[in-house]
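>>> structure, please.
(chains A and B)
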There are 2 protein chains.
Amino acid sequence: MKPPTRRYEYETDGAAIYRQSFATIRAESDSSHLPADAEKVAVRMVHACGQTDLTHDLRITDDFMTATRAALQAGAPILTDAHMVASGVTRPRLPRDNDVLCLLRDERVSLLAKEFGTTRSAAAVSLWGDRLDGAVVAIGNAPTALFHLLELMADGGPRPAAVVGVPVGFIGAAESKDALAAYEPRVPHLVVRGRRGGSAMAVAALNALAQDDEIGASVR
Amino acid sequence: MKPPTRRYEYETDGAAIYRQSFATIRAESDSSHLPADAEKVAVRMVHACGQTDLTHDLRITDDFMTATRAALQAGAPILTDAHMVASGVTRPRLPRDNDVLCLLRDERVSLLAKEFGTTRSAAAVSLWGDRLDGAVVAIGNAPTALFHLLELMADGGPRPAAVVGVPVGFIGAAESKDALAAYEPRVPHLVVRGRRGGSAMAVAALNALAQDDEIGASVR
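As a prediction, the model looks like this:
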């Protein structure tokens, strides 16, 4: 097989693309309000959405990085509301071959959602059960899933080690992230305030967490 | 299993969430420069990223919707550069149980990328081979994959039926989308100009294409 004739000028070296991207992001975005150990996470999230002003809406608690890494090192699962998030997590980067679980297509979800009077995404959160205890949770789609998680916790249910809270959209997304940020006793968390969020941002955060070598591990 | 105590006020009816979301999007965004039959695609893409100004950067050719739907109806595959895109396509909506294919993890990719002197994402595009003829292509991650596709076509290679061109980022993304928009003879296409894009936007566009009932088919 032969490569096509090169007709455009563009960078084709994966490591160079990452290096230049991250340099642009760092030149154009402000992460000064974030914990120093979380700066790399912010850079990866900006990288995933192409918007350097994302950091304005990003809030990361001081204990988020430590809590998340300790949980993953201890073998905790990643629980998520969206199959796209589960699909995007780069498995070889996880320190303990950690489970990555989305139960949205579990056969019990439809009936449970009807019984509970809520969305399928929220009902699927109840199916996490005791696996939630000490887990890393990533909500990348449904505000109702994040509200449901907080309500389970408030009822005395199991607590996750940390929450990546980046549901996206127009109905309840901003409110659900504000609720996570205000929840007491506080859970280590990362949120993107407002309407922005989504599976790609959740994946960028998760993949940055488990990565020490910023460039090397990224070139695919 | 019991639902947790409701402690927050939020909408839990899936159909109502979609209805209110789409109404907000239509009230706040301007799709007047887009083909009328593509307005629903624009709404879904805004929905996926939470940003009503996305439509400013959205360009959709007049023949895009017709070309894409005809291709899918004829059984054409969806070819994509990202596993997250493939993961996000709602299979039951596809009219002919169409294949959805990402070859980024094909065992030949690494060697081919080295031989070609390009990225793995671009090399994987060459592996599509004759399947590219008449296919629906969705580039949701790598600008190099989109450039590579255009170079294959310019060399006289197979032509896709339509291209969703939404690579994201800071190095080559805007340029690759401009190149697609300027490519002659023109390919029916959708692009998000500039840095924005990503797998979630690509998925939103693809899922909107195959959907007639805007609310009903979305409630999950």
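
>>> tell me where the longest helix sits in chain A.
Of all the segments of type helix in chain A, defined by DSSP state H, the longest one is helix A:14-28.

>>> hmm, it touching chain B?
Yes: counting by CB under 8 Å from any CB of the partner chain, chain B has neighbours in helix A:14-28: A:14, A:17, A:20-21, A:24-25. C-beta: built from backbone N, CA, C; applies to glycine.

>>> break down chain A into its strands, ranges please.
A:58-60, A:78-80, A:100-101, A:136-139, A:162-165, A:189-192 (DSSP state E).

>>> OK, contacts around the residue nearest to residue A:178 when sequence neighbours are not counted?
In space, residue A:178 comes closest to residue A:193 once its chain neighbours are excluded; the distance is 7.3 Å by CB to CB, 6 or more residues apart in numbering or on different chains. Applying CB atoms under 8 Å, 6 or more residues apart in numbering or on different chains, we find residue A:193 in contact with A:57-59, A:174, A:177-178, A:181.

>>> between these, which sits nearest chain B?
residue A:174 (9.0 Å; CB to the nearest CB).

>>> for residue B:5, see how far away the closest one is.
Distance from residue A:174 to residue B:5, counting by CB to CB, to the nearest Å: 23 Å.

>>> of these two, who's got more company?
Comparing residue A:174 with residue B:5 by other CB atoms under 10 Å in any protein chain shown, the one with more neighbours is residue A:174, at 21 against 9.

>>> how near is that one to residue B:52?
14 Å.

>>> equivalent analysis for residue A:42, please.
Counting by CB to CB, the gap from residue A:42 to residue B:52 is 24 Å.

>>> the two: which is more packed in?
Taking neighbours as other CB under 10 Å, residue A:42 and residue B:52 compare with residue A:42 leading, 25 against 19.

>>> without its sequence neighbours, what residue ends up closest to the more buried one?
Looking at residue A:42 with CB to CB, 6+ apart, the closest residue is residue A:31, at 4.6 Å.

>>> list the contacts for that neighbour?
A:39, A:42-43, A:55, A:58.

>>> and of those, the nearest to chain B?
residue A:43 (10.9 Å).

>>> what about that closest one, neighbour count?
Close neighbours of residue A:43, defined as other CB under 10 Å, add up to 22.

>>> and for residue A:1?
Residue A:1 - counted by other CB under 10 Å - has 10 other residues nearby.

>>> what sits against it?
B:112, B:126.

>>> buried residues in stretch A:184-202?
Along stretch A:184-202, the positions that meet the burial threshold by neighbour count (16 or more other CB atoms under 10 Å in any protein chain shown) are A:187-193, A:195-202.

>>> for chain A, which segments count as helices?
Under DSSP H, chain A gives helices at A:14-28, A:39-49, A:64-73, A:83-88, A:109-116, A:120-126, A:143-154, A:173-182, A:199-209.

>>> about what we covered before: reformat the strands of chain A as CSV; add distance to chain B and mean pLDDT.
Shown next, in CSV, are the strands of chain A (distance: least, CB to the nearest CB, whole Å; pLDDT from 0 to 100):
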stretch, distance to chain B, mean pLDDT
strand A:58-60, 14, 98
strand A:78-80, 12, 98
strand A:100-101, 12, 98
strand A:136-139, 13, 98
strand A:162-165, 14, 98
strand A:189-192, 9, 98
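
>>> low-confidence ranges, chain A, go.
Chain A contains residues with pLDDT under 70 at A:212-220.

>>> okay, stretch A:160-167 in CSV with CA atoms only?
What follows is stretch A:160-167, C-alpha atoms only, in CSV (Å, rounded to 0.1, in the frame of the first residue of the first chain):
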residue,chain,number,x,y,z
PRO,A,160,-17.6,7.6,45.7
ALA,A,161,-14.0,8.6,46.1
ALA,A,162,-14.4,11.4,43.5
VAL,A,163,-16.8,12.7,40.9
VAL,A,164,-16.1,14.1,37.4
GLY,A,165,-19.3,16.1,36.9
VAL,A,166,-19.6,17.3,33.4
PRO,A,167,-23.2,16.6,32.2
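
>>> how far does it sit from its chain's centre?
Taking the mean of its C-alpha atoms, stretch A:160-167 sits 7 Å from the chain's own mean (CA atoms, centre = their mean, to the nearest Å).

>>> what's the answer for stretch A:158-174, then?
Put simply, stretch A:158-174 sits 9 Å off its chain's centre (CA atoms, centre = their mean).

>>> measure residue A:119 to chain B for me?
Computed as CB to the nearest CB, to the nearest Å, the residue A:119 to chain B distance reads 5 Å.

>>> residues contacting that residue?
Residue A:119 makes contacts with A:113, A:142, A:144-145, B:12-14, B:17, B:220, as judged by CB under 8 Å, 6+ apart.

>>> residue A:203 now?
By CB under 8 Å, 6+ apart, the neighbours of residue A:203 are A:48, A:84-85, A:88-89, A:140, B:84.

>>> likewise for residue A:147?
Neighbouring residues of residue A:147 by CB under 8 Å, 6+ apart: A:122, A:172, A:176, A:179, B:8, B:10.

>>> possible to save those as TSV with distance to residue A:98 and neighbour count?
Output for these, formatted as TSV (distance: CB to CB, whole Å; neighbours: other CB atoms under 10 Å in any protein chain shown):
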residue	distance to residue A:98	neighbour count
A:122	24	29
A:172	29	23
A:176	25	27
A:179	27	21
B:8	30	16
B:10	30	19
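
>>> closest to residue A:164 out of those?
Distance to residue A:164 across the contacts of residue A:147 (CB to CB) is lowest for residue A:176, with 12.8 Å.

>>> contacting residues for the residue nearest to residue A:154 when sequence neighbours are not counted?
Leaving aside its chain neighbours, residue A:154 sits nearest to residue B:7 (5.6 Å; criterion: CB to CB, 6+ apart). If you count contacts by CB under 8 Å, 6+ apart, residue B:7 has them with A:150-151, A:154.

>>> which among those end up buried?
So, by 16+ other CB under 10 Å, the buried ones in the contacts of residue B:7 are A:150-151.

>>> out of the contacts of residue B:7, who's nearest residue B:129?
Nearest to residue B:129 among the contacts of residue B:7, with distances taken as CB to CB, is residue A:150, at 49.3 Å.
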